[in-house]
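A.B. asks: Build the 3D model from these lines:
(one chain, ligands or ions: 1)
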Amino acid sequence: MAELEALCMKCRHQKGEEHQMQKMTSLRVEKNEKGRYSARGQCGLCDANMFKFLSEGQAMKLKDEGVEYKEAA
Ligand SMILES: [Zn+2]
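C.D. replies: Numbering: from 1, shown residues only. Predicted structure coming up:
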């Protein structure tokens, strides 16, 4: 099961520094028109929207693990 942690500004704000990294749910990977990879999802703790830039290696690993992958046309 593919998993990714990202910075949640909302949790950081409400629950303190030690909770800033949260598991991303509804994870999907995108490649934009400039060739940059990113992940989008929701915070597993508070459901806030999350965004994280990925390296190509990270993006391909998540794609291989079955995460929804979309490329900008
Ligand atoms: Zn959160």
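A.B. asks: Could you check how far the closest residue to Asn49 other than its chain neighbours is from the ion?
C.D. replies: In this structure, Asn49 finds its nearest non-sequential neighbour in Gln42, 6.2 Å apart by Cβ to Cβ, 6 or more residues apart in numbering. (Glycine included, C-beta is placed from N, CA and C.) The gap separating Gln42 from the ion is 8 Å, by Cβ to the ion, to the nearest Å.
A.B. asks: which element is Gln42 on?
C.D. replies: Using DSSP states H and E, Gln42 sits within strand 37-43.
A.B. asks: Longest helix in this protein, please.
C.D. replies: The longest helix of the chain (DSSP state H) is helix 56-64.
A.B. asks: ok, back up a step: direction included, what does the strand holding Gln42 pair up with?
C.D. replies: According to DSSP bridges, strand 37-43 forms sheet pairs with strand 21-31 (antiparallel), strand 49-54 (antiparallel).
A.B. asks: what mean pLDDT would you report for that strand?
C.D. replies: Taken as a whole, strand 37-43 carries a mean pLDDT of 97.
A.B. asks: Output that strand as CSV, restricted to C-alpha atoms.
C.D. replies: Presented in CSV, the C-alpha positions along strand 37-43 are these (Å, rounded to 0.1, in the frame of the first residue of the first chain):
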residue,chain,number,x,y,z
TYR,A,37,5.9,15.8,-10.2
SER,A,38,3.6,16.4,-7.3
ALA,A,39,1.4,14.6,-5.0
ARG,A,40,-2.1,15.7,-3.9
GLY,A,41,-4.3,14.3,-1.2
GLN,A,42,-5.9,15.0,2.1
CYS,A,43,-4.5,15.0,5.6
